[in-house]
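Enquirer: Pasting a predicted model and its sequence here:
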Amino acid sequence: MDLGKQMNAVRRIVSVALGALALLAAVIAVRTATYAPPGGKDSHPVELAARVPIDPARAAQHLSEAVRIQTVSHQNAGDNDWAEWDRLHAWLQTTYPAAHAAMSREVVGGHALVYTWPGSDPSLPAVVLLAHHDVVPVTPGTERDWKHPPFDGVIADGSVWGRGSVDDKGSLVGLFEGVEALAASGFKPRRTVILVSGHDEEAGGSGARAAAELLKSRGVTAEFVLDEGLAIVSDFPLLGRPVAVVGIAEKGYATLRMTAPAKGGHSSAPPPETGVEVLAKALLAVTSHPFPLRFEGAPAEMVRALAPSASTVVRMAVANEWLFRPLLIKQIAATPVGASSLHTTIAPTMLRGSPKENVLPQDATAWINYRIAPGNTTGDVMQRAKTATKGLRVDLAWEGNAYDPSPISSSSSEPYRLIAALASDDGRTPVAPGLVTATTDSRSMVGIAKDIYRFQPIVASLKDFEMIHGTNEHMTLDNLRRTAEFYARLIATAAR
Ligand SMILES: [Zn+2]
């Protein structure tokens, strides 16, 4: 071939390639410009009931009183001071008389509370609202880091301070303020309203399970269930402004106990391989087989829902997922929190060898905590660990109960749209569905309702959320008012 012919062939190839690129760019541009999230257009907006006035000073006083009652869930329930739970129950009864006149009250599973506000139309599915009333302990040695003592319920600087003021007595008090205001105003629900307050959410959630069993035994079905979980993040990473995230699914939870049985004996004459070495190999084998990162389910729905409010780059990536999915995964997984939303996480947390430095272990044990993403099961986790440790002499077993992830609730149902309408501050705040990576009592309610949501109507920054289970937990008076108004209007709308 002469040089001229060669040049012509190259030109043809280049022009075809350029044409393909231009076409690709056009497709990307058009898809970006016309992107709408699935189900994004709200054809008939939710008609909210009128606002119910709440007295914020009274609510703050009540939350302060609730914080002072020390319903602290310890790792070992035998260490709990159950008299404090009884005190809280009695306090609820005297503090909210109209609510208690309107609802029947039952104590189940030891100290869990189930309230029923019967609707005038029993054929309608109920509304079930959850808020647990136990709190986690204050880490010994950190008491002095608190601006105000953790169980004094001090009201200062526009907040109620103390353990449980947000998680979850803030919700409990907000819920009761709302019900009290509605009941006192003469409101009669058409749909039955059920409140469930677990007594041990922070220690396994047996109370919520007992409540769920009771409701199931009565054949109760719910239009929806609402519990704590996610909230309004004031500095949401994707947008850099407030976003209300409503949990539509929750990860599963399991802890794997891995034991390497060994001979033991004097460490001066070790065998070729000690139990600790076998265990170390097995542990690395498990963690070097991570679950693949996937852009799907609740986290993907979240990004898709927010894309129209996000930067052009984000919108372009989401509108052209077929091309940019690997990039989206890489970006989201750049932080541990982001990565945890995209797959089942594997976290070795505890190790045990021999009791003394010159003693060979008779069994070496590791504990691995898993948070199981929707799409995987406890069975998948066990199978993957077994495959990874094939050929290594280790025994695998669950430590305690292992829980599958929740089903995924609808992000277009009537109840979701109601919660979103209330969470959006009259449309000013974008709302998106999300995945709860921790666990809540709501996991017991699978089977009572198809749609289970996890949302606390408070606004806080990512930094602020570190106070939950940490130091200086406090509920701003604005968030408390917001919570009480949210529940009152939610019930007034859903049960009218
Ligand atoms: Zn909680």
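Expert: Sure, I can see it.
Enquirer: and the residue of the stretch 301-450 of the chain nearest the ion?
Expert: Proximity of the stretch 301-450 of the chain to the ion (Cβ to the ion) peaks at residue 440, 6.6 Å away. For every residue, glycine as well, the C-beta is placed using N, CA and C.
Enquirer: Return the residues in contact with that residue.
Expert: Each residue near residue 440 by Cβ atoms under 8 Å, 6 or more residues apart in numbering is listed here: 130, 201, 227, 228, 229, 247, 250, 454.
Enquirer: which residue ranges form the helices in the stretch 51-200 of the chain?
Expert: 56-68, 82-95, 97-102, 169-184 (DSSP state H, counting those that start in this stretch).
Enquirer: Dump the C-alpha coordinates for the first one into PDB.
Expert: Meaning helix 56-68. This file holds the C-alpha atoms of helix 56-68, laid out as PDB (Å, rounded to 0.1, in the frame of the first residue of the first chain):
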ATOM      1  CA  PRO A  56     -42.000  24.000  73.000                       C
ATOM      2  CA  ALA A  57     -41.200  25.100  76.600                       C
ATOM      3  CA  ARG A  58     -43.500  22.400  78.000                       C
ATOM      4  CA  ALA A  59     -42.000  19.800  75.600                       C
ATOM      5  CA  ALA A  60     -38.500  20.800  76.700                       C
ATOM      6  CA  GLN A  61     -39.400  20.500  80.400                       C
ATOM      7  CA  HIS A  62     -40.800  17.000  79.700                       C
ATOM      8  CA  LEU A  63     -37.700  15.800  77.800                       C
ATOM      9  CA  SER A  64     -35.600  17.100  80.700                       C
ATOM     10  CA  GLU A  65     -37.600  15.000  83.100                       C
ATOM     11  CA  ALA A  66     -37.400  11.900  80.900                       C
ATOM     12  CA  VAL A  67     -33.600  12.200  80.600                       C
ATOM     13  CA  ARG A  68     -33.300  12.300  84.400                       C
END
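Enquirer: Buried residues of it, list them for me.
Expert: By 16 or more other Cβ atoms under 10 Å, the buried positions in helix 56-68 come out as 56, 59, 60, 61, 62, 63, 64, 65, 66, 67, 68.
Enquirer: tell me the angle that helix makes with helix 82-95.
Expert: Taking axes from the mean of the first three to the mean of the last three Cα atoms, to 10 degrees, helix 56-68 and helix 82-95 form an angle of 160 degrees between their directions.
Enquirer: same check, this time on the last one
Expert: Counting by the same axes, to 10 degrees, helix 169-184 points 30 degrees away from the direction of helix 82-95.
Enquirer: Now flag whichever of the buried residues of helix 56-68 is closest to residue 367.
Expert: residue 67 (32.8 Å; Cβ to Cβ).
Enquirer: Would you indicate which residues of the helix or strand where residue 25 lies are buried?
Expert: Per DSSP states H and E, residue 25 falls inside helix 3-33. If you call a residue buried by 16+ other Cβ under 10 Å, then helix 3-33 has these buried ones: 28, 31, 32.
Enquirer: Equivalent analysis for stretch 235-251, please.
Expert: Buried, per 16+ other Cβ under 10 Å, within stretch 235-251: 236, 238-239, 242-251.
Enquirer: Would you mind listing what in the stretch 51-200 of the chain touches the ion?
Expert: 167, 168 (Cβ under 5 Å from the ion).
Enquirer: which residues of this protein score low on pLDDT?
Expert: Low-confidence segments of the chain, defined by pLDDT under 70: 1, 39-44.
Enquirer: Just want the most central residue of it.
Expert: Central residue of the chain (Cα atoms, centre = their mean): residue 436, 2.7 Å from the mean position.
Enquirer: ok, that one - contacts?
Expert: So residue 436 contacts 229, 230, 247, 249, 250, 251, 454 (Cβ under 8 Å, 6+ apart).
Enquirer: Quick check: the farthest pair among those?
Expert: Farthest pair in these, by Cβ to Cβ: 230 and 251, 12.5 Å.
Enquirer: coming back round to it: distance from the helix holding residue 25 to the middle of the chain?
Expert: Taking Cα atoms, centre = their mean, to the nearest Å, one finds the center of helix 3-33 at 48 Å from the center of the full chain.
Enquirer: Report all helices and strands that it contacts.
Expert: If you count contacts as 3 or more Cβ pairs under 8 Å, 6 or more residues apart in numbering; DSSP states H and E, helix 3-33 packs onto helix 312-319.
Enquirer: Return the helix it packs on as PDB; C-alpha atoms alone will do.
Expert: Provided in PDB are the C-alpha atoms of helix 312-319 (Å, rounded to 0.1, in the frame of the first residue of the first chain):
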ATOM      1  CA  THR A 312     -24.000  18.700  36.500                       C
ATOM      2  CA  VAL A 313     -21.200  16.200  37.000                       C
ATOM      3  CA  VAL A 314     -23.300  14.100  39.400                       C
ATOM      4  CA  ARG A 315     -26.400  14.500  37.200                       C
ATOM      5  CA  MET A 316     -24.400  13.400  34.200                       C
ATOM      6  CA  ALA A 317     -23.000  10.300  36.000                       C
ATOM      7  CA  VAL A 318     -26.500   9.300  37.300                       C
ATOM      8  CA  ALA A 319     -28.300  10.000  34.000                       C
END
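Enquirer: Noted, bye for now.
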